[in-house]
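Asks: Give me coordinates for this.
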Amino acid sequence: MKRLHMGSAHCALDLGDGSERAAYVNQDYILHKLGRPHRAVNIMFTYYPHDQEWPARISVAWKDRNVTFAWDYPYDDYEPYGVNGQPFEQMRDIRRHGQDVLLTLTLDCGLTDGELRGIARQLRPFGRMMIRINHECCGTWFQHNKRYTYPQVGAFFIRFTKILHQEAPNVKTIFCGGWALEDGHMEQEEAFRDCYAAADLWSCDTYPALHFGWPYDIAEVGGGKYKADTISQMVDQFTRTHRRAVELAGESKPMITAEFNTDGDVTGPRMQGESVVRFAHYWRDHRVDWFKSISLYQFRDQGRLGLECQDPNNPAVGVEQPLLAQYRDQVLHDPWFMPEMTEGEEIAFPAALRWGGAEDADGVAIPLSFEGTPEFCEMTVEQPIGLMAELNGRWFYKAPGVKTIDMMSAFFDKPLSGPAVLTLRLFAPPQDGVNVEDGHEDWLTNYYATLEKAPEMRIRYEVPGVVK
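Replies: All right, here's what the predicted structure looks like:
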């Protein structure tokens, strides 16, 4: 057995899970569908606690009103932050499954420093998470742009970022502004000039095709509110924007796209995935070192912006789209977008494990010898510990209260052609989803656990009986 370090991918992949047009889907389901975890999961919430309708979700509070555009509400139609245990239960679920949290939060720029410090302190136990504050802030549709001027939105971003860096230094802030224009300057550059230096990461949301009139009209030839652009146009915009952001900040910082997809309402579901794959492969093929992550929007969608479409008969059911297989097979499992695994020195049990996040974790690598494709492959860990395990390219989650995990699905799509030695990789994310103040000085960024002994493997090549 050897020590194993998980580091960052050349370009990480994140996944949106829930928004104004979709409900949150639990991470067990997503892991089974996709076969491996993402770097981070993007969840979207809003916080306008002084509004009359608060704390109701605004589309519920205004369900009898005549609304003709998705953003024609008093505040943004995301789930309310800090209500009914959310987003904290979702954040726990994400981190238990070996992923970081990317919290998108639209919030009232009139909140006091005390109120913002309260939010920052709530985020402290969730490790190396990211927060996207009042995104798409060069637009006109969100409440932060309807109630406040662009300079006020920029000043609020800087104020909240400073508070987060003081109260929750484990949390990185994302500035999601506009694009650099053809003249080289940013949209609303004077209002947001200092935000680029204040933020830890820069983002631009982009959809090569988008039906922005959804759900109030239908994208048809000659009708509906939609747009379609080229991948080369997207690439040029990112390149130009990163160049100008570096000039404004005086240094280079990671550029990401916290929302990206091609809308199947515009392209049709059969052609949707082609441009998504082509966009991702551009950054891989050109080895662009400053472009660091793509967040696909989203897992399940009421329209056609998801890997699944929500079944209108039952919102708990998703209808898989062709995009899912294309994204999973051609992007998600492409080595360029997967975390780097590095084996170190030999170690013995009990084994100390460290979880710093999806881009910095120490686990164990155990070689397993196979005669060929097994008929049964199960892992048993009696210890009540949460584990993420990978075998033959497929990931599995073991909850603290579960002892045995069936790993046969690692061989359904990738059977062995003969004898092989495969590596069982084990990591221990926070079993309750939060970091614990356990005496370690670095508890805000690292979670520690001990795996007492090796898992027991049941690997069999014969079945008890055959039905004839």
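
Asks: Phi first, then psi, for the closest residue to Gly35 other than its chain neighbours.
Replies: The shortest distance from Gly35 to any residue other than its chain neighbours is 5.1 Å, reached at Arg394 (Cβ to Cβ, 6 or more residues apart in numbering). The C-beta positions use only the backbone N, C-alpha and C, and glycine is treated the same way. Arg394 adopts backbone torsions of phi -110, psi 140, taken as degrees, to the nearest 10.

Asks: Confirm that Ala120 sits in a strand.
Replies: No - assigned with DSSP: H, G, I helix; E, B strand; the rest coil, Ala120 falls outside any strand and is helix.

Asks: Distance of it relative to Thr206?
Replies: 29 Å (Cβ to Cβ, to the nearest Å).

Asks: bridging residues for Glu390?
Replies: In this entry, Glu390 is beta-bridged to Trp395, Arg425, by DSSP bridges.

Asks: Next: Asp100.
Replies: Applying DSSP bridges, one finds that Asp100 bridges with Ala40.

Asks: following the helix or strand hosting Thr46, which helix or strand shows up next?
Replies: Assigned by DSSP states H and E, Thr46 falls within strand 40-47. For strand 40-47, the succeeding helix or strand toward the C-terminus, using DSSP H and E, is helix 58-61.

Asks: How about residues contacting that following helix?
Replies: 20, 53, 67, 73-77 (Cβ atoms under 8 Å, 6 or more residues apart in numbering).

Asks: how about the helices in this protein?
Replies: 27-34, 58-61, 88-96, 113-123, 143-147, 150-167, 189-192, 195-198, 231-249, 264-267, 272-285, 322-327 (DSSP state H).

Asks: about what we covered before: from the contacts of helix 58-61, keep the buried residues only.
Replies: 20, 73-77 (16 or more other Cβ atoms under 10 Å).

Asks: hey, which strand is longest across this protein?
Replies: Counting by DSSP state E, the longest strand found in the chain is strand 361-370.

Asks: Neighbouring strands - and their directions - for that strand?
Replies: Applying DSSP bridges, strand 361-370 is found paired with strand 2-6 (antiparallel), strand 351-355 (antiparallel), strand 420-427 (antiparallel).

Asks: Other residues contacting the longest one?
Replies: This points to strand 420-427. So strand 420-427 is contacted by 4, 6, 98, 341, 353, 355, 361-370, 372, 379, 387-392, 451, 455, 457 (Cβ under 8 Å, 6+ apart).

Asks: Which of those are buried, as a PyMOL select command?
Replies: Selection of the buried residues among these in PyMOL, burial being defined by 16+ other Cβ under 10 Å:
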select buried, resi 4+6+98+353+355+361+362+363+364+365+366+368+370+379+387+388+389+390+391+392+451+455
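
Asks: Enumerate every residue touching Arg3.
Replies: 343-347, 362-365.

Asks: Ok, Met457 next?
Replies: 368, 377-380, 424.

Asks: Please apply the same query to Phe156.
Replies: 109, 133-134, 144, 148.

Asks: mind running it again at 7 Å?
Replies: 109, 134 (Cβ atoms under 7 Å, 6 or more residues apart in numbering).

Asks: what about it, distance to Cys137?
Replies: 9 Å.

Asks: try Lys414
Replies: 44 Å.

Asks: neighbour count winner among the two?
Replies: Cys137 (25 against 12; other Cβ atoms under 10 Å).

Asks: Without its sequence neighbours, what residue ends up closest to the more buried one?
Replies: Here the residue nearest Cys137, using Cβ to Cβ, 6+ apart, is Val153, at 5.0 Å.

Asks: by contact count, what packs against the strand holding Thr46?
Replies: Strand 40-47 sits against strand 12-16, strand 79-80, strand 100-107, with contacts defined as 3 or more Cβ pairs under 7 Å, 6 or more residues apart in numbering; DSSP states H and E.

Asks: mind running it again at 10 Å?
Replies: Applying 3 or more Cβ pairs under 10 Å, 6 or more residues apart in numbering; DSSP states H and E, one finds that strand 40-47 contacts strand 12-16, strand 79-80, helix 88-96, strand 100-107, helix 113-123, strand 130-133, strand 255-262, strand 291-296.

Asks: For these, could you give me JSON lines that also reports mean neighbour count and mean pLDDT?
Replies: Output for those, formatted as JSON lines (neighbours: other Cβ atoms under 10 Å; pLDDT from 0 to 100):
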{"stretch": "strand 12-16", "mean neighbour count": "25", "mean pLDDT": "98"}
{"stretch": "strand 79-80", "mean neighbour count": "21", "mean pLDDT": "98"}
{"stretch": "helix 88-96", "mean neighbour count": "22", "mean pLDDT": "98"}
{"stretch": "strand 100-107", "mean neighbour count": "25", "mean pLDDT": "98"}
{"stretch": "helix 113-123", "mean neighbour count": "16", "mean pLDDT": "98"}
{"stretch": "strand 130-133", "mean neighbour count": "24", "mean pLDDT": "98"}
{"stretch": "strand 255-262", "mean neighbour count": "25", "mean pLDDT": "98"}
{"stretch": "strand 291-296", "mean neighbour count": "24", "mean pLDDT": "98"}
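
Asks: Relative to Ser275, which of the ones you listed is closest?
Replies: strand 255-262 (4.7 Å; Cβ to Cβ).

Asks: how distant is that closest one from the center of its chain?
Replies: 11 Å (Cα atoms, centre = their mean, to the nearest Å).

Asks: Between helix 231-249 and that strand, find me the angle.
Replies: Strand 255-262 and helix 231-249 are oriented at 160 degrees to each other (axes from the mean of the first three to the mean of the last three Cα atoms, to 10 degrees).

Asks: quick one: strands adjacent to strand 255-262?
Replies: Partners of strand 255-262, by DSSP bridges, with direction: strand 201-203 (parallel), strand 206-210 (parallel), strand 291-296 (parallel).

Asks: For the longest strand of the chain, the averaged confidence score.
Replies: Mean pLDDT, strand 361-370: 98.

Asks: Stretch 413-429 too?
Replies: Mean predicted confidence for stretch 413-429 is 98.

Asks: Taking the buried ones among the contacts of helix 58-61 together, which two end up most distant?
Replies: So, the buried ones among the contacts of helix 58-61 by Cβ to Cβ: farthest apart are Glu20 and Pro74, at 13.9 Å.
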